[in-house]
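1. Show me how the following folds:
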Amino acid sequence: MMHRFLLFLSMMLLPSLLHAHGIGVSLEKTVDEYLVDIGYEPEELRAGEPVRFDFQLWNNDMENLRPMEFTAVAMKILDNENEEVVFETRIAKAPLGWTGMYVSFPEAGDYTLHATYQNGDEDVTEASFPLSVEAAASMWNPLAMSAILMMGSLIAGGLLATVGKKAMRR
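-> Here you go, the predicted structure:
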């Protein structure tokens, strides 16, 4: 039982100790002595679909990279076209694993994600990243619709042929 707990614990801690996100894309920016690292998944951002953002803060020494202290991240997402804030929150640092949250963008367009890393009441550092959000994927893809209609026609034709043969036998 103890070995399962240790395996679980290592799976939770290991990703936060590595300078890479397990999956997805990583936005990185060097600001003074810090490396701001925001990972997100899925790779393609689509309106109305949830995206997970994970926030890390590292020292800016690639030979001796280590996580830096912060207690929270103040995050805001701005709609560049309308020049308005569409989402704003403060996220407390997770005691284990990644500090993050899910967000859904209201519509396609260009946005800016702004993150301010805080330690207590003090701002440690901040960075902004441009994001491009695509329109929601349509369920009614023309190619998929053609395939569905073709399959439906084949099935209907087969049923009619079977019924016709049975009717002619009588």
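2. mind listing the strands for the protein?
-> Secondary structure of the chain (DSSP state E): strands located at 25-31, 34-41, 50-59, 72-79, 84-92, 99-104, 109-119, 122-133.
3. Check which helices and strands the shortest one sits against.
-> Yep, that's strand 99-104 we're talking about. Based on contacts counted as 3 or more CB pairs under 8 Å, 6 or more residues apart in numbering; DSSP states H and E, the elements that strand 99-104 packs against are strand 50-59, strand 72-79, strand 84-92. Using the backbone N, CA and C atoms, a C-beta is placed for each residue, glycine as well.
4. Out of these, flag the one nearest Ala136.
-> Ala136 sits nearest to strand 50-59 of all the helices and strands packed on strand 99-104, at 12.0 Å, using CB to CB.
5. Buried ones in the closest one, by neighbour count?
-> Val51, Arg52, Phe53, Asp54, Phe55, Gln56, Leu57, Trp58 (16 or more other CB atoms under 10 Å).
6. Which elements pack onto it?
-> Counting by 3+ CB pairs under 8 Å, 6+ apart, the packing neighbours recorded for strand 50-59 are strand 34-41, strand 72-79, strand 99-104, strand 109-119.
7. mind redoing it with 6 Å?
-> With contacts defined as 3 or more CB pairs under 6 Å, 6 or more residues apart in numbering; DSSP states H and E, the secondary structure elements packing on strand 50-59 are strand 34-41, strand 99-104.
8. What is the neighbour count of Val133?
-> Using other CB atoms under 10 Å, Val133 is surrounded by 22 other residues.
9. Also Asn60?
-> Per other CB under 10 Å, the neighbour tally for Asn60 reads 13.
10. Okay, it and Asp37: tell me how far apart.
-> Asn60 is 11 Å from Asp37, where distance means CB to CB, to the nearest Å.
11. Same question for Met62.
-> As defined by CB to CB, Met62 lies at a distance of 12 Å from Asp37.
12. Kindly report the same for Ser26.
-> With CB to CB as the criterion, Ser26 and Asp37 are 6 Å apart.
13. now Gly100
-> 12 Å.
14. what do you get for Pro50?
-> Taking CB to CB as the measure, Pro50 and Asp37 are separated by 21 Å.
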